[in-house]
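Colleague: I would like the atomic coordinates for the input below:
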Amino acid sequence: MRRSPLRTVRQPAARIACRGQLQWLTSSPGISQELFDRFSFFAEYAAGCHDGVDCGAGNCPNVTSANTTTVAEFNSTSLYNQGVSGFVTLDHTNELIVLQFGGTNTCPKVDVDLDYDFVNVTTFGAASCSGCQIHQGFWRTWINTKNVTLPPVERAMAQYSEYEVVFVGHSLGAALATVGAAEFRTHGPNVTVYSYASPSVGNFELSEFISNQTNGVTYRLTHSDDIVPRILYDAAWMWFIPDYSQLSPEYWITTPSHVTPNASSIQELEGINNTEGNLQYGLRDGPEPAAHLWYIQNMTICPGPILSLPACCNDTYRTQELCELLGVQNLTAATGT
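Modeller: Modelled structure (predicted):
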C-alpha cells in the first residue's frame, strides 16, 4: 500500500523541564515545510462543521476535495459531555481515520472547561501513571464520550489497518483529543494528535507521561498570546486552581491574527512548561480572542453564532470566577473557546 504524504514522521523525544529549569528548554526557529503542510491540513479538520467536510465558504479546500466518508457524528447531552460534538471520518485520499472534537460553543461546554479540579489517575487507561492528575471536566467528558466515539474508530481500524489514526480539535476539542488519544494509546493503538489551542489537561506528571508516549505524536499548537493554552498554568498562584503544566513540544505560531503563517514563523519549543512561547505571557496580558480564533486559518468558519463568554458569566459559580478574574464583563468580542 502506498504511503500517504500526510503520514506522521516521529520527532525526537522532547527534553523535559520543571518550572524554572530553563537550562533544559530548547527552541528551534521554523519547522519543515512538510510539517507545516500537515498543520495546515489538519487545521481544516479542526475547523470542520459537520460531515467531516463542510467548512463553509471554501475555507477547507484540501479536506473538501478529498474522498471522505463520515462514519459517525455525535452531539451528546448527558451530564458530563453536554453538547460535546464531533465526527469520525474516513479520508481515503490521505489514508486517514480522523476523530474530530468540536470546541466550546455552548455554556455547558464552558462548564466542562471550568471543572478544573484534579482527579487522580495513577492508573491511566491500561498504564500506570505515578503521581498523575488530570482536569476533572476533560477526563469525565472523555470517559462518558469514548463509548460513543471509539467504536466507529475501532471498526474503521479493523477494516483499514494501514490508515493512520488521527485525533484533532480546537480549544476544548483539542483538550479532549489530547486526553482521549493518550488514554487510547495505553491500550496499544498508534494515534497522532493535532491540537490547536488546547488548555492544559493535567499536572506535571501527566504532561510528562503524555509527552513521552512512543506510540503516537501529540502536535500541540499555540498562537501568539492566546490565553486559552496558558490560563490554567498562569492561574496556579490562586489557591483554588491546581498546579497545571503544558505538554512538550509546543509549536508556537508567531504571526499576528488574520495573517497566514509559513513554516519559518512557527517555532518548535521543547520542554514541559517552556516559557519561550505562549507561556511567556501572563494573566495581566488579558484575553485575546482574535489570537484564539486564528490558527493558521480562521477557526470560526462554521455557520451560526459564536459563543460570547459574557453570555455564560452567570451560568455557574465557576464561570463567575473566571469572568471576574479576566474582567470579562467588559469583553464584547466572542471567545469561541
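Colleague: how near is the closest residue to residue 243 other than its chain neighbours to residue 224?
Modeller: Distances taken as Cβ to Cβ, 6 or more residues apart in numbering put residue 236 closest to residue 243, at 4.8 Å, once the chain neighbours are dropped. C-beta here means a position set from N, CA and C on the backbone, and glycine is covered the same way. Residue 236 sits 22 Å away from residue 224, going by Cβ to Cβ, to the nearest Å.
Colleague: check residue 291 too.
Modeller: Noted for residue 291: a distance of 5 Å to residue 224, by Cβ to Cβ.
Colleague: can you list residues touching both of the two?
Modeller: Common neighbours of residue 291 and residue 224 (criterion: Cβ atoms under 8 Å, 6 or more residues apart in numbering): residue 257.
Colleague: so the two - more neighbours on which side?
Modeller: When residue 291 and residue 224 are compared on other Cβ atoms under 10 Å, the one with more neighbours turns out to be residue 291, at 22 against 18.
Colleague: state the helix or strand in which the more buried one lies.
Modeller: For residue 291, the host element (DSSP states H and E) is helix 289-292.
Colleague: ok so, going back, run a quick neighbour tally on the residue nearest to residue 243.
Modeller: Per other Cβ under 10 Å, the neighbour tally for residue 236 reads 15.
Colleague: residue contacts, it?
Modeller: Residue 236 is in contact with 242-244, counting by Cβ under 8 Å, 6+ apart.
Colleague: which of the residues you listed sits closest to residue 95?
Modeller: Closest approach between the contacts of residue 236 and residue 95, by Cβ to Cβ: residue 244, at 35.5 Å.
Colleague: mind checking pLDDT for the closest one?
Modeller: You'll see residue 244 listed with a pLDDT of 96.
Colleague: for it, what are its contacts?
Modeller: Neighbouring residues of residue 244 by Cβ under 8 Å, 6+ apart: 116, 135, 200, 202-203, 232-233, 235-236.
Colleague: those into a markdown table, with extra columns for distance to residue 65, secondary structure and pLDDT?
Modeller: Below are the contacts of residue 244 laid out as a markdown table (distance: Cβ to Cβ, whole Å; DSSP: H, G, I helix; E, B strand; the rest coil; pLDDT from 0 to 100):
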| residue | distance to residue 65 | secondary structure | pLDDT |
| --- | --- | --- | --- |
| 116 | 40 | coil | 84 |
| 135 | 36 | strand | 94 |
| 200 | 35 | coil | 96 |
| 202 | 37 | strand | 97 |
| 203 | 42 | coil | 97 |
| 232 | 38 | helix | 91 |
| 233 | 38 | helix | 92 |
| 235 | 42 | helix | 83 |
| 236 | 44 | helix | 77 |
